[in-house]
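**Student:** Everything below, folded, please.
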Amino acid sequence: MDIILFGIQGSGKGTQAKILAEKFQLKPFEMGAQLRTLAQENSELSLKVKTLIEAGHLVPADIVIEIAEKFIQKLQPGEKALFDGIPRNIEQKEKFDAVLKKYHRDFLGIQIEIPEEETIKRLLARGRNDDTPEGIKNRIDHFNRQTLPIIEDYKKSGKIVCVNGFQNVEEVAAEIMNKLNSSVN
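**Tutor:** This is a model prediction of the structure:
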């Protein structure tokens, strides 16, 4: 079974993705890293992606899904994946669901939940250039408008388990492991 990780920026999603991938021998797919890698290549698709990123535009769902499908096609028989950063909106979800169905891939979503105040605190503490109060507010709004509806939709079909991200790294990892074990068994 594949895993799709969900969580607002600052939730510890990236850290937990590394732990999960290692623990369960999952092939990691992180959309941002895939786009950055693709932008370095010399192909028609990479030129499109590079132009969009440099102009500050979001990469369209069709391209995002094409990248994810190529990743899935390269998986070995029986190899499972961990998806991080996809799907991010309803259009991506519909197309991503179709790709998963096409390749007969089952998944479970994990949502790492933290309060918005903690998101703001964590992002301000890491001190990246784009972690301004305005930038953080925009990312929280985007998550609430675009990604939460996906999570809610997956919850209705029993495809999401929620974990408390307001704990230390080891406690979050342990809660994820417990919930995965009880969902799979």
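
**Student:** so what's residue 7 up against?
**Tutor:** Residue 7 makes contacts with 13, 16, 111, 112, 113, 114, 165, as judged by Cβ atoms under 8 Å, 6 or more residues apart in numbering. (C-beta placed from N, C-alpha, C; glycine too.)

**Student:** where do the helices sit along this protein?
**Tutor:** When secondary structure is read from DSSP state H, the chain shows helices at 13-23, 31-40, 44-54, 61-74, 90-102, 116-126, 133-142, 148-156, 169-184.

**Student:** Just the C-alphas of the longest one, formatted as CSV.
**Tutor:** What follows is helix 169-184 as a C-alpha-only set of coordinates in CSV (Å, rounded to 0.1, in the frame of the first residue of the first chain):
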residue,chain,number,x,y,z
VAL,A,169,9.5,13.9,16.2
GLU,A,170,9.7,10.4,17.8
GLU,A,171,6.2,10.6,19.3
VAL,A,172,4.7,11.7,15.9
ALA,A,173,6.6,8.8,14.2
ALA,A,174,5.3,6.3,16.9
GLU,A,175,1.7,7.5,16.4
ILE,A,176,2.0,7.2,12.7
MET,A,177,3.4,3.6,13.0
ASN,A,178,0.6,2.6,15.4
LYS,A,179,-2.1,4.0,13.1
LEU,A,180,-0.6,2.4,10.1
ASN,A,181,-0.4,-0.9,11.8
SER,A,182,-4.0,-0.8,12.9
SER,A,183,-5.2,0.4,9.5
VAL,A,184,-3.4,-2.2,7.5
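
**Student:** Could you check how far residue 61 is from residue 149?
**Tutor:** Residue 61 is 15 Å from residue 149, where distance means Cβ to Cβ, to the nearest Å.

**Student:** So those two - more neighbours on which side?
**Tutor:** Between residue 61 and residue 149, residue 61 has the larger neighbour count (other Cβ atoms under 10 Å), namely 19 against 13.

**Student:** you'd agree that one is up against residue 98?
**Tutor:** No: counting by Cβ atoms under 8 Å, residue 61 stays clear of residue 98, with 11.3 Å between them.

**Student:** Let me see the confidence value for residue 132.
**Tutor:** The predicted local distance difference test score for residue 132 is 87.

**Student:** That'll do, ta.
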